[in-house]
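In: Here you go, sequence then predicted model.
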Amino acid sequence: MLPESPQKNLLIETSLQVRGIKNPLLAVNVEAAKDGAETKFRIRNLTKVSDAGVPILNGIDMDIPKGIIVGIIGPSGSGKSTVLRALNRLWEPPSGTVFIDGHDVTDLDVLGHRRKVGMLFQLPALFEGTVADNVRYGPQLKGKKLTDDEVYKTLANEPEVLLLDEPTSALDPISTQNIEDVLVKLKEEQGLTVVIVSHSIKQIQRIADVVCLLVNGEIVEVLKPGELSEAKHPMAQRFLELGS
Ligand SMILES: Nc1ncnc2c1ncn2[C@@H]1O[C@H](COP(=O)(O)OP(=O)(O)OP(=O)(O)O)[C@@H](O)[C@H]1O
């Protein structure tokens, strides 16, 4: 953790929206991994309605600075995965809502974008062992043995952003710790930007620089991991009280 310093603070802004009432922007200072880090993702009024007309995302506004780990937590069905999927266009967001490095993601080549913004899902199919062991597993099935350098490159050099959807929920504590260590190291050494959805509040507290609480398709709180007990939204409070 870096010492408090105005130069190292970055502004994350999100709008609080309560049932159609747009509240003033909530500004949260985030200790960033680097001085002067730029915004990696800008999300503006990201909205999704299901085919049946049910609201899924209700106007998400968020700036994600480069080189930090953002944790997204919230109840089941609150829209966490949908936000992640919008970031690498597994769900195509409306144009003008998601920007990477200042570019509307929908204007970019989708495959190039996904190389830059990697997505890792829950890793239940993986086995105990190091992250490197797990990265080697897929290519090994196809008869390709990755060297240590190639493994590191796969993990460290290719994506600029890693999106993680419950990556460790089926893993033992040692594998979980390995993954958390790698994420923090990649952030610190490579400036990797990470957005992680997790049901484990403790995990988020261990690795995230900032935590977004999503309830009913709305970001209701943006807090530092050490300040989660200060959440004011009733559903967020309940979720945090009951969570582990
Ligand atoms: N393509 C779709 N069509 C209809 N409904 C959808 C679609 N995608 C997601 N939903 C619904 O949107 C809501 C949000 O889903 P999402 O998977 O993003 O939530 P989540 O917060 O990640 O949930 P969980 O913690 O259970 O994984 C859910 O009610 C889900 O059923």
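Out: That came in fine, so what should we check first?
In: For the rest of this, base every contact and every neighbour count on C-alpha atoms.
Out: OK.
In: State the next helix or strand along the chain beyond the strand or helix carrying Ile174.
Out: Using DSSP states H and E, Ile174 falls within helix 173-190. Per DSSP H and E, the first helix or strand lying C-terminal to helix 173-190 is strand 193-197.
In: Please name the residues that touch the residue nearest to the spatial centre of the chain.
Out: Geometric centre of the chain, nearest residue: Val195, 1.4 Å, by C-alpha atoms, centre = their mean. Contact analysis of Val195 by C-alpha atoms under 8 Å, 6 or more residues apart in numbering lists Ile69, Val70, Gly71, Ile72, Leu84, Val161, Leu162, Leu163, Leu164.
In: any idea which of those is the one closest to the ligand?
Out: Closest to the ligand out of these is Leu84 (8.1 Å), distances taken as C-alpha to the nearest ligand atom.
In: What does the closest one show for phi and psi?
Out: phi -60, psi -40 (degrees, to the nearest 10).
In: isn't it right up against Leu163?
Out: Yes: in this structure, Leu84 is within contact of Leu163 by C-alpha atoms under 8 Å, at 6.5 Å.
In: So for those two, which residue has more residues nearby?
Out: Leu163 (24 against 21; other C-alpha atoms under 10 Å).
In: just checking, the more buried one touches Arg115?
Out: No: between Leu163 and Arg115 there is no contact under C-alpha under 8 Å: 11.7 Å.
In: re earlier: can you tell me which of the contacts of Val195 comes closest to Pro55?
Out: Leu84 (16.6 Å; C-alpha to C-alpha).
In: thinking again about what came up before, could you check the distance from the residue nearest to the centre of the chain over to the ligand?
Out: 13 Å (C-alpha to the nearest ligand atom, to the nearest Å).
In: And Gly67, by the same measure?
Out: According to C-alpha to the nearest ligand atom, Gly67 stands 23 Å off from the ligand.
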